[in-house]
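# With the input below, show me the fold.
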Amino acid sequence: MDIILIILIVLSLAFIAWLIFKKLPKLKNINIDSLPETKMRKQKEIILKNRLLRISQDILLKAKDASGPLQNKAKDSLRQYYQKLKQAEKDLRRRGHEKLTSAVDKSQTIEQLITEAKQAINSGDYQTAEETLLDALNIDQYHIEAYKLLAEVYRGKKEYIQAKETLEYLLKLTHNQDAGVYSSLADVAKERGNLKQAEEDYLKSISLSDDNYLYFLSLAEVYLDLEEKEKALNIAKRAQLLSPNNPKILDFLINISIIMQDKELANQYLDRLREVNPDNKKIREFVENIDNLA
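Numbers count the residues shown, from 1 in each chain. Purely as a prediction, here's the structure:
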């Protein structure tokens with residue numbers, strides 16, 4: 001049984017080696033533009049290709065019953081060959097993108113990849129989104145939207161270091177003039193529990209775009225988390241000036257007023273919420289909480 005197993009493994013590895021060797025001439029001259037150093041320090045595993053699975057699955061199943069050392073050696077060898085083949089397939093795909101010559105071809109291809117990435121993000125398939133965005137950046141390594149989406153992907157995967165590094169590189173590309181990048185950096189800092197850094201980044205986003213109520217509301221939430229209630233209230237009021245009938249802002253203003261034990265102010269904002277969103281399910285809860293104030 002062991003001899004047969006060894007023969008099967010050797011034949012399988014030889015076949016995989018042949019597949020890779022066959023692709024080597026096509027890969028010799030590949031010079032793929034890489035992402036900047038601040039981009040990923042590591043890449044996570046992607047789903048195994050069906051083609052290789054069909055080759056290796058039977059071997060691994062049979063090796064499962066073999067002796068420990070033989071089994072581990074076979075698995076390690078298959079894994080190493082798989083990694084090489086996976087990289088070869090990825091390189092060949094990107095090599096095809098490099099053959100795009102006209103600006104129109106590149107623009108249309110990137111637009112298609114961006115659309116596919118957005119669809120993957122919306123469905124929660126962050127791995128596919130990441131691979132698609134890397135393909136787009138292989139065509140244009142300075143594409144702003146692709147980097148922004150890539151940072152969003154890393155946040156969705158809770159890979160905050162990679163998200164931060166991607167956004168920091170975006171700051172260089174945008175000459176520190178993109179309010180949205182600072183806001184995203186603040187979001188990452190907040191999610192990591194670094195509230196003072198989040199405050200600093202939200203303030204930078206506001207300095208670049210003082211007409212975006214979301215930046216003010218996000219900053220108000222940070223101040224509330226920092227237990228700086230007066231600041232939270234004042235910043236939320238500025239958010240309301242920009243969007244007077246926004247239920248989310250009114251919700252925050254009612255909550256902060258209740259926390260500060262200001263019954264009159266809480267009722268003022270509650271009346272406003274009733275006007276703009278009478279079916280709001282939180283109104284009853286707000287009424288009870290306000291009634292309980294001294």
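# contact partners of stretch 173-180?
If you take CB atoms under 8 Å, 6 or more residues apart in numbering as the criterion, stretch 173-180 is touched by 142, 144, 147-148, 170-171, 181, 204-206, 208-209, 212, 215. Any C-beta I mention is one placed from the backbone N, CA and C, and that applies to glycine too.
# no, scratch that, I was asking about stretch 259-272
224, 229, 233, 245, 250, 253-254, 257-258, 283, 286-287, 289-290, 293-294.
# Of the contacts of stretch 173-180, keep whichever come out buried.
Those of the contacts of stretch 173-180 that meet the buried threshold are 147-148, 170, 181, 204-206, 208, 212, 215, by 16 or more other CB atoms under 10 Å.
# For the residues you listed, work out which two are farthest apart.
147 and 206 (22.1 Å; CB to CB).
# rewinding a little: what would the contacts of stretch 173-180 look like in JSON lines with secondary structure and distance to residue 114?
Output for the contacts of stretch 173-180, formatted as JSON lines (DSSP: H, G, I helix; E, B strand; the rest coil; distance: CB to CB, whole Å):
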{"residue": "142", "secondary structure": "coil", "distance to residue 114": "14"}
{"residue": "144", "secondary structure": "helix", "distance to residue 114": "11"}
{"residue": "147", "secondary structure": "helix", "distance to residue 114": "11"}
{"residue": "148", "secondary structure": "helix", "distance to residue 114": "10"}
{"residue": "170", "secondary structure": "helix", "distance to residue 114": "15"}
{"residue": "171", "secondary structure": "helix", "distance to residue 114": "21"}
{"residue": "181", "secondary structure": "helix", "distance to residue 114": "17"}
{"residue": "204", "secondary structure": "helix", "distance to residue 114": "26"}
{"residue": "205", "secondary structure": "helix", "distance to residue 114": "23"}
{"residue": "206", "secondary structure": "helix", "distance to residue 114": "28"}
{"residue": "208", "secondary structure": "helix", "distance to residue 114": "24"}
{"residue": "209", "secondary structure": "coil", "distance to residue 114": "23"}
{"residue": "212", "secondary structure": "coil", "distance to residue 114": "23"}
{"residue": "215", "secondary structure": "helix", "distance to residue 114": "25"}
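# quick one: the strands in this structure?
In the chain, no segments count as strands under DSSP state E.
# can you give me the helices for it?
2-27, 50-63, 68-98, 103-122, 126-139, 144-156, 160-173, 179-191, 195-208, 213-225, 229-242, 247-259, 263-276, 283-291 (DSSP state H).
# Give me the spatial nearest neighbour of residue 287, chain neighbours excluded.
Closest residue to residue 287 apart from its sequence neighbours, by CB to CB, 6 or more residues apart in numbering: residue 270 at 7.2 Å.
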